[in-house]
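> the amino acid sequence is not available; the structure is as follows:
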Ligand code: SF4
Ligand code: SF4
């Protein structure tokens, strides 16, 4: 049976602006994977370690965060904080003997640009290769 | 404050592997301040325990609770609110808190979620450093306020040793030689000659070498 991953993306308004373009159709037209559920947050600095872990508890096979560039965050340090929390979850996954690549951080420029889609495609590819989450009972 | 850090998850999962209901109990004292065992960290731990157990094909029910402190009998009494709802407590307090629960709740199994590290302070955000070892016979008035017990690798009372080079300790170049710093600080008050007084051989019984320590204040005791 083929495996269709469930991937949760947390992205700030600024980096995910294109998700609203053309009433949300633009992303699909650009090839953004349907396996990804986008959760928009005001700032990725708002995403706590518990938020990321909850996504795995809710059945995500992979989780990623897209925030502003390191030196160009709308809220100055929000995306840097998010990256540190992603790193903390990576470490915790390793402690549980789970692939740390199931969670990633991306720093991308705001607005409509191909990198946003490329990051989604890369995550989809990676999680398909890793297979289903080991947290599914 | 008491500084601590979370134990590796594998160790914690091993503790609770036979439990089906656990109370993860945060402490709102020192370990909240050092971001190791406050409510936020306990919530993350609860999630990690659920995930770790799920990975082993087991389910575990977790109640999250917190106490003002876990090192006072009055606050420990508040645990009764969860009576009958858990098989074991995983405490995110320091070792004092875990001991207090074990002392006062003879029928309750309690496990430590943290490794309790030292008495220290926050040098900068996210960085804590050891400052005092609780030796019970403070010498800071002789050492310019800098502790040779906690901050000298050899706890020397008549430092520095011959391994001090350029203000760095011989055990690790990233470690300050506290005796060099004591010298420099006393010097800035024109008191470096204090270092020529030989400190006598110390009686370490106050530092725990005489067994567990206890303080009794009869002006405060009730009976
Ligand atoms: S139980 Fe430990 S961490 Fe909590 S307040 Fe008391 S000394 Fe501090
Ligand atoms: S001399 Fe003893 S009591 Fe004083 S700071 Fe050092 S360890 Fe603490």
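On my side now, so go ahead. If you're wondering where the values come from, they're calculated on a predicted model, not measured in any experiment. Ligands and ions are numbered 1, 2, ... in the order given.
> following the worst-scoring helix or strand of chain A on mean pLDDT in sequence, what is the next regular element?
Each helix and strand of chain A was given a mean pLDDT (mean pLDDT, DSSP states H and E); the minimum falls on helix A:25-29 at a mean of 82. Next along the chain after helix A:25-29, taking DSSP states H and E as the criterion, comes strand A:36-41.
> state the mean pLDDT of the helix or strand just after that next one.
Next helix or strand after strand A:36-41 toward the C-terminus (DSSP H and E): helix A:49-57. Computed over helix A:49-57, the mean pLDDT rounds to 98.
> my read: residue B:195 touches residue B:184, true?
No: if you go by C-beta atoms under 8 Å, residue B:195 and residue B:184 don't touch, sitting 10.9 Å apart. (Each C-beta comes from the backbone N, C-alpha and C, glycine too.)
> these two: who's more crowded?
The residue with more neighbours, out of residue B:195 and residue B:184, is residue B:195; 19 against 13, by other C-beta atoms under 10 Å in any protein chain shown.
> got a list of what that one touches?
Residue B:195 makes contact with B:182-183, B:186, according to C-beta atoms under 8 Å, 6 or more residues apart in numbering or on different chains.
> and residue A:95, by the same measure?
B:8-10, B:48.
> if we use 7 Å, what do you get?
With contacts defined as C-beta atoms under 7 Å, 6 or more residues apart in numbering or on different chains, residue A:95 is in contact with B:8-10.
> compare those and tell me which is most surrounded.
residue B:9 (21 neighbours).
> which non-adjacent residue is nearest it?
residue A:95 (3.8 Å; C-beta to C-beta, 6 or more residues apart in numbering or on different chains).
> contact partners for the residue lying closest to residue A:85 once chain neighbours are set aside?
Closest residue to residue A:85 apart from its sequence neighbours, by C-beta to C-beta, 6+ apart: residue A:49 at 5.1 Å. For residue A:49, the contacting residues are A:85, A:88-89, B:44, by C-beta under 7 Å, 6+ apart.
> ok, longest helix in chain B?
helix B:39-55 (DSSP state H).
> relative to helix A:49-57, how tilted is that helix?
For helix B:39-55 against helix A:49-57, the angle between stretch directions is 20 degrees (axes from the mean of the first three to the mean of the last three C-alpha atoms, to 10 degrees).
> buried set for helix B:39-55?
Buried residues in helix B:39-55, counted by 16 or more other C-beta atoms under 10 Å in any protein chain shown: B:39, B:41-55.
> so that helix, near ligand 1 or not?
No: applying C-beta under 6 Å from any ligand atom, one finds helix B:39-55 separated from ligand 1 by no less than 11.7 Å.
> contacts for that helix?
A:49-50, A:53-54, A:56-57, A:92, A:96, A:98, A:134-135, A:137, B:6, B:9, B:12-13, B:16, B:22, B:24, B:26, B:35, B:59-60, B:62, B:64, B:66, B:92, B:113.
> beyond that helix, next helix or strand please.
Heading C-terminal from helix B:39-55, the first helix or strand you meet, by DSSP H and E, is strand B:61-67.
> about what we covered before: which one of the contacts of residue B:195 is nearest residue B:211?
residue B:182 (30.1 Å; C-beta to C-beta).
> hmm, that closest one is touching residue B:149, no?
No: assessed by C-beta atoms under 7 Å, residue B:182 is found out of contact with residue B:149, at 12.0 Å.
> enumerate the residues of chain B near ligand 1.
Going by C-beta under 6 Å from any ligand atom, the residues of chain B near ligand 1 are B:2, B:27, B:29-31, B:69-71, B:93-94, B:96-97.
> from the residues you listed, which land in strands?
B:2, B:27 (DSSP state E).
> among the residues of chain B next to ligand 1, the buried ones, what's the ChimeraX command?
To isolate the buried members of these in ChimeraX, using 16+ other C-beta under 10 Å:
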select /B:2,27,29,30,31,69,70,71,93,94,96,97
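> in JSON lines: the residues of chain B next to ligand 1, plus pLDDT and distance to residue B:143.
Formatted as JSON lines, the residues of chain B next to ligand 1 follow (pLDDT from 0 to 100; distance: C-beta to C-beta, whole Å):
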{"residue": "B:2", "pLDDT": "98", "distance to residue B:143": "23"}
{"residue": "B:27", "pLDDT": "98", "distance to residue B:143": "32"}
{"residue": "B:29", "pLDDT": "98", "distance to residue B:143": "29"}
{"residue": "B:30", "pLDDT": "98", "distance to residue B:143": "25"}
{"residue": "B:31", "pLDDT": "98", "distance to residue B:143": "29"}
{"residue": "B:69", "pLDDT": "98", "distance to residue B:143": "31"}
{"residue": "B:70", "pLDDT": "98", "distance to residue B:143": "33"}
{"residue": "B:71", "pLDDT": "97", "distance to residue B:143": "29"}
{"residue": "B:93", "pLDDT": "98", "distance to residue B:143": "31"}
{"residue": "B:94", "pLDDT": "98", "distance to residue B:143": "27"}
{"residue": "B:96", "pLDDT": "98", "distance to residue B:143": "27"}
{"residue": "B:97", "pLDDT": "98", "distance to residue B:143": "31"}
